[in-house]
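A.B. asks: next input, structure requested:
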Amino acid sequence: MRLWVCIALLSTVLCASADRPGIFDGIIRAGQFVRDAAGGSWDMLRAYRDMREANYKGADKYFHARGNYDAARRGPGGAWAARVIRWPFLLPHSDARENWQSGISGRGAEDTRLDQEANEWGRRGGDPNRYRPKGLPSNY
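C.D. replies: Just a heads-up that it's a prediction; the model follows:
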């Protein structure tokens with residue numbers, strides 16, 4: 001009986017320390033990517049909600065940078081989510097948003113360009129506080 005217990009323990013230790021086949025590593029990396037992408041999407045949504053809640057004039061660039069920064073820090077999946085998800089309606093492609101902003105909303109192409117600059121700044125790991133306006137409450 002003791003011999004079988006020793007063999008079982010030795011087998012467990014050997015299996016645990018053995019290299020995993022490449023397919024398992026790929027599955028694990030894919031799972032991490034999906035988890036990071038979901039977390040990055042949540043970061044973008046949280047920043048958008050905070051922007052709407054704050055309703056603070058001139059703070060939109062800060063929230064753009066913060067959402068992209070938080071998402072990109074999660075890893076490759078979060079960085080992917082930051083590139084794919086666009087403001088203000090979290091549209092999956094920026095062309096629709098830019099057409100809406102430039103043509104219908106009256107904000108213009110310059111505001112769109114500045115929003116995209118803030119997005120890129122956050123994705124590259126730049127400090128979002130660069131865009132933080134004076135007077136914005138500290139809870140944001």
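
A.B. asks: with adjacent residues omitted, what lies nearest to the spatially most central residue of the chain?
C.D. replies: The centroid of the chain falls nearest to A71 when counting by Cα atoms, centre = their mean (1.9 Å). Counting by Cβ to Cβ, 6 or more residues apart in numbering, A71 lies nearest to G40, which is 3.4 Å off, once chain neighbours are set aside. In short, each C-beta sits where N, CA and C put it, glycine included.

A.B. asks: same check on A82?
C.D. replies: A71 (4.0 Å).

A.B. asks: tell me how many other residues crowd the closest residue to G75 other than its chain neighbours.
C.D. replies: Distance criterion Cβ to Cβ, 6+ apart; nearest residue to G75, sequence neighbours excluded, is D36 at 4.2 Å. Using other Cβ atoms under 10 Å, the number of residues around D36 comes to 21.

A.B. asks: next one: Y56
C.D. replies: Around Y56 there are 16 residues (other Cβ under 10 Å).

A.B. asks: ditto for A109
C.D. replies: 11.

A.B. asks: buried ones in the host helix or strand of it, by neighbour count?
C.D. replies: Counting by DSSP states H and E, the element that carries A109 is helix 108-123. Of the residues in helix 108-123, 112, 114-116, 118-119, 121-123 count as buried by neighbour count, 16 or more other Cβ atoms under 10 Å.

A.B. asks: adding pLDDT, write the residues you listed out as TSV.
C.D. replies: What follows is these, written out as TSV (pLDDT from 0 to 100):
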residue	pLDDT
T112	83
L114	91
D115	89
Q116	89
A118	94
N119	93
W121	96
G122	95
R123	94
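
A.B. asks: looking at these, which is nearest G31?
C.D. replies: Set against G31, the nearest of the buried residues of helix 108-123 by Cβ to Cβ is R123 (22.9 Å).

A.B. asks: in the helix or strand encompassing V34, what counts as buried?
C.D. replies: Assigned by DSSP H and E, V34 belongs to helix 22-54. For helix 22-54, the neighbour count (16+ other Cβ under 10 Å) marks 33, 36-37, 39-44, 47-48, 50-51, 54 as buried.
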